[in-house]
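K.L.:
Generate coordinates for the sequence data below:
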Amino acid sequence: MTKRLDVTSQLTQLDIHRVARQGSLSVHVADQLESLITGGKIAVGQKMPTENSLCDSFGVSRTVIREAITHLKSLGLVETRRGVGTTVLRSTAVEARPAERINPTTVEDILHVLELRLTLEPAAAEFAALRHDDEDRTRIKARHAAFIKAQAEKSLARVEDFEFHHAIARATHNPFFEQFYEQLSPSGIPRAKLLSIDINPAASERYLERVQEEHAYILEAILSRDAEAARETMFQHLNRSRNMYAQYQHAEPDEPNTKR
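P.N.:
Below you'll find the predicted structure:
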């Protein structure tokens, strides 16, 4: 049996292009990697190249590569295990979405709120990275831990999600960011608007795993005082959510509520 060649040693053969400094770098990287997986150039069961190898090949930072891998996870294409690395699970994307279907009016409300959050929260994350103090660090870490606990208990973690973002707003030390979030309230979290009858428990669990990982990257960037990474990871977190909920606008209104 011919031994499968390690993907890392074949990076130069995978037709990887260094990304241009325009638009979202992580989206460009994710698009290329997704094409390699769905096209069979990186086979199911095969390990992805290491972060360092991908950084060198694409000419981007570890933050960008992590965001791209998180996107691939959200599509169900790969999984990451500590001590093992990232492995390709399937060659066809299956995105985890928290609900089978959502009322069109609710979708519109969710997208309006996410549009507003996208204009403010990347900047809040940037300021939090630059201005946070020890009390802020403790608070944000505690809110992140609370989200993980709620997720482990099979909760939708709506309040915990809100409180994580609220803690970041407080860490800007700009009272208007904090006031904005206080007025938004937990209803600003899209899952707070979903009906229990429409929620898909299994898909929702996978979706929350993605959210938890994205929160971890935001937290890491803020605590490292990496303002650029904090802004980028927050933008990608919210933008992925917006893109995912926008898909419900195009769903057939009478399609059956079939559980996966």
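K.L.:
Going by C-alpha atoms from here, please, whenever you check contacts or count neighbours.
P.N.:
Fine.
K.L.:
Tell me which stretches of the protein form helices.
P.N.:
25-38, 51-58, 62-74, 104-131, 134-152, 158-170, 175-184, 201-223, 227-246 (DSSP state H).
K.L.:
What helices and strands are in contact with the fourth one?
P.N.:
Pointing back at helix 104-131 there. Other elements packing on helix 104-131 under the criterion 3 or more CA pairs under 8 Å, 6 or more residues apart in numbering; DSSP states H and E are helix 158-170, helix 201-223, helix 227-246.
K.L.:
Adding mean neighbour count and mean pLDDT, write the helices of the chain out as CSV.
P.N.:
Listed next are the helices of the chain as CSV, based on neighbours: other CA atoms under 10 Å; pLDDT from 0 to 100:
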stretch, mean neighbour count, mean pLDDT
helix 25-38, 20, 85
helix 51-58, 17, 90
helix 62-74, 23, 85
helix 104-131, 19, 95
helix 134-152, 17, 96
helix 158-170, 23, 96
helix 175-184, 15, 90
helix 201-223, 20, 87
helix 227-246, 20, 89
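K.L.:
nearest to residue 90, of these?
P.N.:
helix 25-38 (8.0 Å; CA to CA).
K.L.:
Outside of the closest one itself, list whatever touches it.
P.N.:
Outside helix 25-38, the residues within contact range by CA atoms under 8 Å, 6 or more residues apart in numbering are 14, 16, 19, 42-44, 58, 60, 64-65, 67-69, 71-72, 77, 88, 91-93.
K.L.:
Return the distance of that helix from the chain's centre.
P.N.:
Centre-to-centre, helix 25-38 and its host chain are 15 Å apart (CA atoms, centre = their mean, to the nearest Å).
K.L.:
Hey, what's the angle from it to helix 51-58? Just curious.
P.N.:
100 degrees (axes from the mean of the first three to the mean of the last three CA atoms, to 10 degrees).
K.L.:
what's the angle between helix 25-38 and helix 227-246?
P.N.:
Using the same axes, to 10 degrees: helix 25-38 against helix 227-246 is 60 degrees.
K.L.:
How about the contacts made by residue 150?
P.N.:
156, 157, 160.
K.L.:
again, only using 6 Å
P.N.:
When contacts are counted by CA atoms under 6 Å, 6 or more residues apart in numbering, residue 150 is found next to residue 157.
K.L.:
Same check on residue 204?
P.N.:
For residue 204, the contacting residues are residue 98, taking CA under 6 Å, 6+ apart as the criterion.
K.L.:
likewise the one 3 residues further on?
P.N.:
Contact criterion CA under 6 Å, 6+ apart gives residue 96 as the residues in contact with residue 207.
K.L.:
try it again with 7 Å
P.N.:
Under the criterion of CA atoms under 7 Å, 6 or more residues apart in numbering, the neighbours of residue 207 are 96, 97, 98.
K.L.:
got it, and residue 214?
P.N.:
For residue 214, the contacting residues are residue 237, taking CA under 7 Å, 6+ apart as the criterion.
K.L.:
go with 8 Å
P.N.:
Residue 214 sits next to 67, 70, 233, 237 when contact means CA under 8 Å, 6+ apart.
K.L.:
In a markdown table, list the helices and strands packed on helix 104-131 along with distance to residue 104.
P.N.:
Listed next are those as a markdown table, based on distance: least, CA to CA, whole Å:
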| stretch | distance to residue 104 |
| --- | --- |
| helix 158-170 | 21 |
| helix 201-223 | 19 |
| helix 227-246 | 10 |
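K.L.:
Quick check: which of the ones you listed is nearest to residue 152?
P.N.:
Short answer: helix 201-223, nearest of the helices and strands packed on helix 104-131 by CA to CA, at 9.2 Å.
K.L.:
what's the angle from that closest one to helix 158-170?
P.N.:
Between the axes of helix 201-223 and helix 158-170, defined by the same axes, to 10 degrees, the angle is 20 degrees.
K.L.:
show me what contacts residue 222?
P.N.:
Contacts of residue 222 (CA under 8 Å, 6+ apart): 125, 126, 128, 129, 130, 230.
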